[in-house]
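Student: pasting the sequence and the predicted coordinates here, then a few questions.
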Amino acid sequence: MTELKVLVGKRLRQIRKEQGLTQLTAAERAEMADTYLAGVERGERNISLESLEKIVKALDAEPIDAFRFGELEPSKGLKDKRDVIRLLAAFLEERSLEEIELIRKLAKDVMATIDSEKRKKD
């Protein structure tokens, strides 16, 4: 699976759930099989732009909403660190280089503080 398929799928699932829709209802609105939509949401399907358009219309969303990865929140549903890192990378790609450098410096400072606190406890 490519990262983009996984991120788009997670975002579409989030939008659908925020609206209280089942996969079956959303798939019916998009005039597609619910098994296809399930595969898209799991990042297993190579979705076409036409299918993406049908899904976002069925969800009463805009196409750009499927790519707003910064809207995804790391949660217990994410199985490993790589998923969280991908979300962070997608969020950072929307920022300027100057902003990314500032965030990197802040993260470095925060990590140094965390490490210092851990050493105090040990």
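Tutor: Nice, I can see it. No experiment lies behind these values; they were computed from the predicted model shown. Numbers count the residues shown, from 1 in each chain.
Student: tally of neighbours for residue 114?
Tutor: Residues lying near residue 114 (other CB atoms under 10 Å) number 10. The C-beta positions use only the backbone N, C-alpha and C, and glycine is treated the same way.
Student: please identify which helix or strand holds it.
Tutor: helix 97-121 (DSSP states H and E).
Student: mind listing what's buried along the helix or strand of the chain with the lowest mean pLDDT?
Tutor: When each helix and strand of the chain is scored by mean pLDDT, DSSP states H and E, helix 81-93 comes last, with a mean of 80. By neighbour count on 16 or more other CB atoms under 10 Å, the buried set for helix 81-93 is 83, 86-88, 90.
Student: and the nearest residue to residue 69 once chain neighbours are set aside, how far from residue 106?
Tutor: Spatial nearest neighbour of residue 69, chain neighbours left out: residue 90 (3.5 Å); criterion: CB to CB, 6 or more residues apart in numbering. Relative to residue 106, residue 90 is positioned 18 Å away (CB to CB, to the nearest Å).
Student: again with residue 69
Tutor: 20 Å.
Student: likewise residue 15?
Tutor: In terms of CB to CB, residue 15 sits 30 Å off from residue 106.
Student: higher neighbour count, the two?
Tutor: Between residue 15 and residue 106, counted using other CB under 10 Å, the more crowded position is residue 15 (20 against 10).
Student: now the angle between helix 81-93 and the host helix or strand of the more buried one, please.
Tutor: Residue 15 is part of helix 3-18 when elements are defined by DSSP H and E. Interaxial angle, helix 3-18 versus helix 81-93 (axes from the mean of the first three to the mean of the last three CA atoms, to 10 degrees): 90 degrees.
Student: helix 3-18 packs against which elements?
Tutor: Counting by 3 or more CB pairs under 8 Å, 6 or more residues apart in numbering; DSSP states H and E, the packing neighbours recorded for helix 3-18 are helix 34-41, helix 49-58, helix 81-93.
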